[in-house]
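**Q** I'll drop the sequence and a predicted model, then ask my questions.
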Amino acid sequence: MKAVILGGTGLIGSKVVAELQQHGVEAVPASPNTGVDAVTGAGLAEALAGADVVVDVSNSPSFADADVLAFFTSSTANLLREEASAGVRSHVALSIVGAERVPGSGYLRAKVAQERLIRDSGRPYSIVRATQFFEFARGIADSATVGGEVHLPPILLQPMAADEVAAAVARAALAPSTNAMEEVGGPEPIPLPDFVGRALREAGDPRSVIADPAAQYFGAVPAERALVPAADATLGRIRFEDWLQRRTLQRSS
């Protein structure tokens, strides 16, 4: 079995490659770093030759509304077209829990548009919708810092470890297409300010976190539970506190 992983050199993609290789899959990372640009289509036909499944965990280099929409719609349309030409049997994509519930966010609107292209293509597919990653907590802080303070809306997240996101995507790639969406999330809901605040304290970052009802997340102010997975979601086992402790031990060893 050959799998081509778009975004395969990034945080999630590199972990998906490793997961699939452990199952004996010929897992090939594809990204601009490897000469494959899904937005322009450059290198796609060559990369997809002989592939059984395409896994798309790529992300836009710009989060500006117009840029992110163009990225996801162009890259997805090019992928689906080249997959059909190459006889690829399945398309697996990583998306975001609750994307359709936050229409004020340009980034999440773009993810919904990506999902729609996949569903309407007539191609066999599986979409894995994941919650926020533990690893992105400091990135959230950086994007929400004002005058040395981090302003975040008091919403709930159910974040999860990147390892478990990658495992869920790899499972979808190994299984027959479902032509449906699966939700995955962390084991427990955490208020966003607490999540980011704990990550900053663990890293020795002095910034204070302010729960601000007017603050935005991904360019919008979501409802309190908009980004929490449904009751039938598949939940990971790694707790945030355990993940933080592991990172502390790794740094001290």
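**A** That came through, no problem.
**Q** now for the host helix or strand of residue 72, which elements pack on it?
**A** Per DSSP states H and E: residue 72 is located in helix 65-86. Applying 3 or more C-beta pairs under 8 Å, 6 or more residues apart in numbering; DSSP states H and E, one finds that helix 65-86 contacts helix 44-48, strand 53-56, strand 90-96, helix 106-120. From N, CA and C alone the C-beta is placed, and that goes for glycine too.
**Q** elements contacting the second one?
**A** The one in question is strand 53-56. strand 2-6, helix 65-86, strand 90-96, helix 162-174.
**Q** so how far is the second one from its chain's centroid?
**A** Taking the mean C-alpha point of helix 65-86 and that of its whole chain, the gap between them comes to 16 Å (C-alpha atoms, centre = their mean, to the nearest Å).
**Q** quick check: closest non-adjacent residue to residue 238.
**A** Nearest non-adjacent residue to residue 238, counting by C-beta to C-beta, 6 or more residues apart in numbering: residue 161, 4.4 Å away.
**Q** was I right to think the one you found contacts residue 131?
**A** No: between residue 161 and residue 131 there is no contact, the gap being 10.6 Å when judged by C-beta atoms under 8 Å.
**Q** need the residues touching each of the two.
**A** Taking C-beta atoms under 8 Å, 6 or more residues apart in numbering as the criterion, residue 161 and residue 131 both touch residue 186.
**Q** need the winner for burial among the helices and strands packed on helix 65-86.
**A** Highest mean neighbour count of the helices and strands packed on helix 65-86: strand 53-56, a mean of 28 (counted as mean count of other C-beta atoms under 10 Å).
**Q** what average pLDDT does it get?
**A** On average, the pLDDT along strand 53-56 is 98.
**Q** and stretch 187-196, what's buried?
**A** 187, 189-196 (16 or more other C-beta atoms under 10 Å).
**Q** filter these down to the ones in strands?
**A** Under the assignment DSSP state E, the buried residues of stretch 187-196 contribute 190-191 to strands.
**Q** touching the lowest-mean-pLDDT helix or strand in the chain from outside, list them.
**A** Using mean pLDDT, DSSP states H and E, helix 240-252 stands out as the lowest-scoring helix or strand of the chain, at a mean of 85. Applying C-beta under 8 Å, 6+ apart, the contact partners of helix 240-252 are 134, 159, 161, 186, 188, 190, 195, 198-199, 202.
**Q** mind redoing it with 7 Å?
**A** 134, 159, 161, 186, 190, 195, 198, 202 (C-beta atoms under 7 Å, 6 or more residues apart in numbering).
**Q** if we can go back for a sec, can you list the helices and strands packed on helix 65-86 in JSON lines and add distance to residue 28?
**A** Below are the helices and strands packed on helix 65-86 laid out as JSON lines (distance: least, C-beta to C-beta, whole Å):
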{"stretch": "helix 44-48", "distance to residue 28": "7"}
{"stretch": "strand 53-56", "distance to residue 28": "10"}
{"stretch": "strand 90-96", "distance to residue 28": "14"}
{"stretch": "helix 106-120", "distance to residue 28": "21"}
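**Q** now residue 127. Nearest residue, chain neighbours left out?
**A** Leaving aside its chain neighbours, residue 127 sits nearest to residue 181 (4.3 Å; criterion: C-beta to C-beta, 6+ apart).
**Q** one more: residue 131?
**A** Using C-beta to C-beta, 6+ apart and skipping residues adjacent in sequence, the residue nearest residue 131 is residue 185, 4.1 Å away.
**Q** so the one you found touches residue 129, yeah?
**A** No: with contact defined as C-beta atoms under 7 Å, residue 185 does not reach residue 129; the gap is 8.9 Å.
**Q** can I get the buried residues of stretch 187-196 in CSV including pLDDT and distance to residue 229?
**A** Compiled in CSV, the buried residues of stretch 187-196 are given as follows (pLDDT from 0 to 100; distance: C-beta to C-beta, whole Å):
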residue, pLDDT, distance to residue 229
187, 98, 11
189, 97, 9
190, 98, 13
191, 98, 16
192, 98, 15
193, 98, 20
194, 98, 18
195, 98, 15
196, 98, 19
